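Q: Quick one, what's the 3D model for this:
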Amino acid sequence: MSRHTTRAAARKPEFRLAALGTAKEAIGTLDPGVRIVGVTKGQFGLLEIIRAIVEQTGPAHLVLATWGLGKDDVEHVEAMVERGDVTGVEILTDRSVPTRHNDQFIAACRLFGGENVWLTRLHAKFVMIRAGNWRIVIRSSMNLNANPRLEQFDIDDDEAIFNFYQEIVDELKRDLSSGELYINRPEAAKRNTEQVFRDIFTEKKTKKRTSVKRPPRRRRWS
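A: Got it, this is the predicted structure:
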């Protein structure tokens, strides 16, 4: 990657401890240049945060980076598209998803276009929301699915941060294969996925172990 970090303009964040209530209540009214640092106890998830934001920004294009894809996740995003809240969707997800969540992966490729679903080794969770003059990035510990645990989220309307993530996404899209392979050549995709896991297994098996040399034992005389 050309850049691993970026520096945004310093500004005072708004802190939100959302122990109770909804995502909409936790986020409140968005102002241009907003920065929110939040913690939730699991009563709402990342999709609820996205919905609360696009209700204020108007129709938006989404880039979703998530480790997994669940059935409800795909259906909720589809509903936002059908309502007109979302104008386009790109998804970055972990390359194990076609094996772990094959039906949901195929559904996402068919709904949003296989050319808009990308696979890599991924554990990052972030969302990019582009609407009008808004350039919002959500960084979170949450995947898209509901997860009733303590979770954190940061929300920034900041062009520098948005462009930083856009550079990463563009670079990944140049280097990766899209989900179209899994739609048009399912057998090839199956072989490819199996090879991925064989590679991971082989890598673990062949990784050299660092041995600790022990001093020779002293012979004990009686």
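Q: Make sure Arg135 is actually in contact with Tyr165.
A: No: using CB atoms under 8 Å, Arg135 is not in contact with Tyr165; the gap is 9.7 Å. Backbone N, C-alpha and C define where each C-beta goes, glycine included.
Q: the helices in the protein, which residues?
A: Taking DSSP state H as the test, the helices found in the chain are 23-27, 46-57, 71-83, 97-100, 102-112, 159-175, 180-184, 186-206.
Q: Now the last one: average pLDDT?
A: Spelled out, it's helix 186-206. Throughout helix 186-206, pLDDT has a mean value of 53.
Q: mind showing which ranges of the chain have poor pLDDT?
A: 1-10, 18-19, 175-222 (pLDDT under 70).
Q: Tell me which residues of the top strand by length along it come out buried.
A: The residue-count maximum for a strand in the chain (DSSP state E) belongs to strand 86-94. Using 16 or more other CB atoms under 10 Å as the test for burial, strand 86-94 gives Val86, Val89, Glu90, Ile91, Leu92, Thr93, Asp94.
Q: wait, doesn't the second one sit right on Glu115?
A: Translated: Val89. No: at 11.5 Å, Val89 and Glu115 do not qualify as touching, with contact defined as CB under 8 Å.
Q: Mutual contacts of those two, please.
A: By CB atoms under 8 Å, 6 or more residues apart in numbering, Val89 and Glu115 have no common neighbours.
Q: give me every residue that touches the nearest residue to Gly58 once chain neighbours are set aside.
A: Distances taken as CB to CB, 6 or more residues apart in numbering place Ala131 nearest to Gly58, at 5.3 Å, with adjacent residues excluded. Counting by CB under 8 Å, 6+ apart, Ala131 touches Val54, Thr57, Gly58, Pro59, Ala60, His61.
Q: what's the distance between the fifth one and Val86?
A: Shown here: Ala60 relative to Val86, a distance of 6 Å by CB to CB, to the nearest Å.
Q: Find the residues that touch each one of these two.
A: Residues touching both Ala60 and Val86 (CB under 8 Å, 6+ apart): Val54.
Q: possible to save the buried residues of strand 86-94 as CSV with distance to Asn102?
A: Below are those laid out as CSV (distance: CB to CB, whole Å):
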residue, distance to Asn102
Val86, 24
Val89, 19
Glu90, 20
Ile91, 15
Leu92, 18
Thr93, 12
Asp94, 13
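Q: Out of the residues you listed, which comes closest to Val37?
A: Within these, the smallest distance to Val37 is 23.7 Å, found for Leu92 (CB to CB).
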